[in-house]
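Asks: sequence-free structure coming up:
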């Protein structure tokens with residue numbers, strides 16, 4: 001009975017560990033604005049991201065011009081200015097500001113705290129206003145009649161529009177409710193599994209449990225990033241938003257993989273350490289009668 005109970009607790013501890021890493025990643029990275037901005041900040045230096053933002057800026061600026069002939073004539077100039085801006089040192093801080101603003105709006109939507117976006121037909125966007133003033137000033141420097149306040153357009157790049165946003169809101173609510181408890185529950189189950197085992201098998205139980213956790217994390221390292229990428233690949237995105245979204249997903253998967261590798265290391269350390277302890281104990285001479 002003790003062996004059976006210990007086996008059940010080992011299985012539950014491993015399952016809890018499998019849930020813990022993704023849950024804490026969602027809570028600590030995807031829903032935390034500072035962590036999100038830190039993870040996506042390097043994208044400001046990626047050529048693909050710069051090209052996508054420059055294209056979106058060009059289309060937005062040209063779209064503000066009433067005359068079709070004038071818009072067509074100015075588009076190459078606007079494109080040149082937008083391209084120069086995204087390659088300049090002014091772009092990274094503007095990218096960070098836009099990412100922070102966009103993430104805060106996204107989290108408000110996912111937490112069902114937004115009065116603007118309807119969960120039944122929601123969209124998540126990257127605001128362009130933090131970039132537009134720099135582009136407008138560069139155009140004014142060239143003598144083009146760009147009015148003051150030009151940046152207050154409310155324009156954005158659509159990162160994705162999902163009909164499943166209501167389901168995402170429910171998932172976020174569940175994660176935020178239970179994520180703080182996942183690690184303590186995992187540790188508690190692991191301790192109970194060891195204590196429930198027979199005295200002579202406790203070290204072996206810890207070694208097996210550590211090995212199973214490490215193996216489970218390795219499986220997640222293969223499956224979880226592919227699952228996330230496949231989910232975002234199915235979302236409806238704007239033409240310029242697709243590359244930005246793909247780059248963002250790649251950047252956000254870096255901390256996920258890091259956390260999974262840490263979990264692999266912890267599980268492997270427990271397994272190896274327990275195995276070494278067990279070997280030492282088995283070699284100890286039996287006490288004299």
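Replies: Received, thanks. Predicted, not measured: the structure shown is a model, and the values here were computed from it.
Asks: Leaving out chain neighbours, which residue sits closest to residue 218?
Replies: residue 264 (5.9 Å; C-beta to C-beta, 6 or more residues apart in numbering). From N, CA and C alone the C-beta is placed, and that goes for glycine too.
Asks: Let me know the pLDDT of the one you found.
Replies: With respect to pLDDT, residue 264 scores 95.
Asks: Tell me how many other residues crowd it.
Replies: Residue 264 has 19 neighbouring residues, counting by other C-beta atoms under 10 Å.
Asks: if you go through this structure in chain order, where are the strands?
Replies: In the chain, the segments counted as strands under DSSP state E are 122-127, 156-162.
Asks: next one: phi and psi at residue 31?
Replies: Main-chain torsions, residue 31, degrees, to the nearest 10: phi -100, psi 0.
Asks: For it, which non-adjacent residue is closest in space?
Replies: residue 107 (5.7 Å).
Asks: and what of residue 110?
Replies: Using C-beta to C-beta, 6+ apart, the nearest residue to residue 110 is residue 172, at 4.5 Å.
Asks: Quick check: the one you found touching residue 113?
Replies: No: contact criterion C-beta atoms under 8 Å: residue 172 and residue 113 do not qualify, at 10.7 Å.
Asks: The two: who's more crowded?
Replies: Shown here are residue 172 and residue 113; by other C-beta under 10 Å, residue 172 has more neighbours (19 against 9).
Asks: Return the residues in contact with that one.
Replies: By C-beta atoms under 8 Å, 6 or more residues apart in numbering, the residues touching residue 172 are 26, 31, 110, 111.
Asks: ok, the second one to residue 57 distance?
Replies: Relative to residue 57, residue 31 is positioned 28 Å away (C-beta to C-beta, to the nearest Å).
Asks: neighbour-wise, which of these two wins?
Replies: Under the neighbour definition other C-beta under 10 Å, residue 31 and residue 57 were set side by side, and residue 57 has more, 25 against 19.
Asks: ok, the more buried one touching residue 85?
Replies: Yes: counting by C-beta under 8 Å, residue 85 is a contact partner of residue 57 at 7.4 Å.
Asks: what's the overlap in contacts for these two?
Replies: Going by C-beta under 8 Å, 6+ apart, residues that sit against residue 57 and also against residue 85 are 131, 135.
Asks: isn't residue 192 right next to residue 10, touching?
Replies: No: with contacts counted by C-beta under 8 Å, residue 192 stays clear of residue 10, the gap being 9.6 Å.
Asks: who has more neighbours, those two?
Replies: Shown here are residue 192 and residue 10; by other C-beta under 10 Å, residue 10 has more neighbours (23 against 17).
Asks: Can you list the low-confidence ranges for the stretch 51-200 of the chain?
Replies: Counting by pLDDT under 70, the stretch 51-200 of the chain contains low-confidence residues at 64-73, 112, 114-126, 144-169.
Asks: And residue 136, how close does it get to residue 98?
Replies: 15 Å.
Asks: do the same with residue 2
Replies: 58 Å.
Asks: Next: residue 4.
Replies: With distances taken as C-beta to C-beta, residue 4 is found 56 Å from residue 98.
Asks: Those two - which one has more neighbours?
Replies: Set side by side, residue 4 and residue 98 show more neighbours around residue 98, with 23 against 9, by other C-beta under 10 Å.
Asks: was I right about residue 20 contacting residue 183?
Replies: Yes: counting by C-beta under 8 Å, a contact exists between residue 20 and residue 183, whose distance comes to 5.4 Å.
Asks: the more surrounded of these two?
Replies: Neighbours per residue (other C-beta under 10 Å) separate residue 20 from residue 183, with residue 20 holding more: 21 against 15.
Asks: OK, contacts around the nearest residue to the more buried one once chain neighbours are set aside?
Replies: Excluding the flanking residues, the one nearest residue 20 by C-beta to C-beta, 6+ apart is residue 182, at 4.0 Å. Contacts for residue 182 (C-beta under 8 Å, 6+ apart) come out as 16, 19, 20, 23, 24.
Asks: All the helices of the stretch 1-150 of the chain, in order from the start?
Replies: 2-25, 33-40, 47-63, 68-86, 91-110, 129-141 (DSSP state H, counting those that start in this stretch).
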